[in-house]
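> dropping a prediction and its sequence here:
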Amino acid sequence: MKALVWHGKEDIRCDAVTDPRIEDPRDAIVRVTSCAICGSDLHLFHNFIPAMLPGDIMGHEMMGEVVEVGSGVNGQLKKGERIVIPFTIICGECEQCRRGNFSVCETTNRKKHLAEKVFGHPTAGLFGYTHLTGGYPGGQAEYVRVPFADKTHIKVPEGLSDEQVLFLGDILPTGWQAAVQCDIQPDDTVAIWGCGPVGQMAIRSAILLGAAQVIAIDRLPERLDMAEAAGAVTINFDEESVIERLNELTDGKGPEKCIDAVGMESYVSPWQPDTIYDRAKQMLMLESDRPHVLREMIYVCRPAGVISVPGVYGGLIDKFPMGLAMNKGLTFRMGQTHVNRWTDDLLRRIEEGQIDPSFVITHTARLEDGPEMYKVFRDKQDSCVKVVLKP
């Protein structure tokens, strides 16, 4: 089969690889009908996340048709069914899964020894996302093996297109969880840094959850236009001070809730010296992540506010203003997404027309065009916000 394969920094190729097969009774094989390039895939593309190996298959946002099931799936899936595949692989049985903490499933990381050395404790297995999370082949491919398939799936109702439901596997529940973590109250202002795909979903989630005001921060006109279309007030940080504008919009009090939908690769700006400092330290391998957004959020957030972090961080950050955060009494909530905790509710909202996640798609291409589309997505060429690939 064909698949997008990691060969090193900024080197993704469409290769012929061995077809997946059933390896465990709880496995299923899925023919991928749609997959997507995610912002966190770019962290792998840039080699900022450790433990990728040449030959690893990329991708964790995918869906398709079940073509084979193992004997242990026990009727939970049948051949021919359409499913979305969550990026978090879950057993559904361990203590964390029973609590709904699916992204820290205690069972599915098949390389726990690596995760324990880095994280202290293993987290869940993830598709296409380094050997720290199990080294599972991803879904930017014609076929994918789904381990623990009796639990790791979302069934697609008839009448819904791939484009409507594909993002249930990652960016929609990620944006939703980011907003839910804020415990939004009716009079809250929610400020969201980053208007990429996850940021767009967080914007719409905060509005659905009843925020009084949602403020979206980015520099790209097409992303800001998309945010404004949803009902957000926008700030272009290339043209105005984020801190001054947020204080204007909140009568000097600051937003109660702040969401970091950027993560470890904050934009490097000549007008923001700390971003240049971070990039220099990163190039010298003295720091792995660029935390400008976190610093800015801590500074501007209203005392006793909440900071929610769906953006991916991979390692160490520098000049983190812990004193500000402690003295302002800020609450931090973060983590990989507990996808299946949210998908029943979100699927219902899609069916009822409350949200149609397909709005974020700007580019659709063949799987073979994936290596070039990674560059288009990285460089934001042709107003690119989200790429869907069709194997």
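Nice, I can see it. Residues are numbered from 1 along each chain as shown.
> bridge partners for Ile85, pull those for me.
Ile85 has these beta-bridge partners by DSSP bridges: Met62.
> all strands of the stretch 201-350 of the chain, in order?
213-218, 233-236, 257-260, 306-309, 331-334 (DSSP state E, counting those that start in this stretch).
> tell me what the fourth one is packed against?
Taking 3 or more CB pairs under 8 Å, 6 or more residues apart in numbering; DSSP states H and E as contact, the helices and strands that strand 306-309 lies on are helix 171-180, strand 257-260, helix 292-300, strand 331-334. Quick note: C-beta positions are derived from backbone N, CA and C, even for glycine.
> helix/strand/coil for the residue nearest to Gly55 when sequence neighbours are not counted?
Spatial nearest neighbour of Gly55, chain neighbours left out: Val5 (6.2 Å); criterion: CB to CB, 6 or more residues apart in numbering. Three-state call for Val5 (DSSP: H, G, I helix; E, B strand; the rest coil): strand.
> next, count neighbours for Val5.
23 (other CB atoms under 10 Å).
> equivalent analysis for the one 3 residues further on, please.
Around Gly8 sit 10 other residues, with neighbours defined as other CB under 10 Å.
> and the closest residue to it other than its chain neighbours, what's its pLDDT?
In space, and not counting its chain neighbours, Gly8 is closest to Pro54: 6.2 Å by CB to CB, 6+ apart. As predicted, Pro54 sits at a pLDDT of 97.
> doesn't Trp6 make contact with Pro54?
Yes: counting by CB atoms under 8 Å, Trp6 is a contact partner of Pro54 at 6.7 Å.
> which one of those two has more residues nearby?
Trp6 (22 against 9).
> and the nearest residue to that one once chain neighbours are set aside, how many neighbours does it have?
Distances taken as CB to CB, 6+ apart put Asp56 closest to Trp6, at 4.6 Å, once the chain neighbours are dropped. Asp56 has 21 neighbours, counted by other CB under 10 Å.
> please apply the same query to Glu244.
Residues near Glu244, counting by other CB under 10 Å: 11.
> quick check, pLDDT for it.
97.
> can you find the helix or strand in the chain with the smallest mean pLDDT?
Taking mean pLDDT, DSSP states H and E as the measure, the chain has helix 273-283 as its least confident helix or strand, at a mean of 88.
> list the buried residues of it.
Neighbour-count burial for helix 273-283, counted by 16 or more other CB atoms under 10 Å, picks out 274-275, 277-279, 281-282.
> helix, strand or coil for Glu68?
Glu68 ends up strand, using three-state DSSP.
> for Lys390, see how far away the residue nearest the centre of the chain is.
With distances taken as CA atoms, centre = their mean, Ile171 lies nearest the centre of the chain, 5.1 Å away. Distance from Ile171 to Lys390, counting by CB to CB, to the nearest Å: 18 Å.
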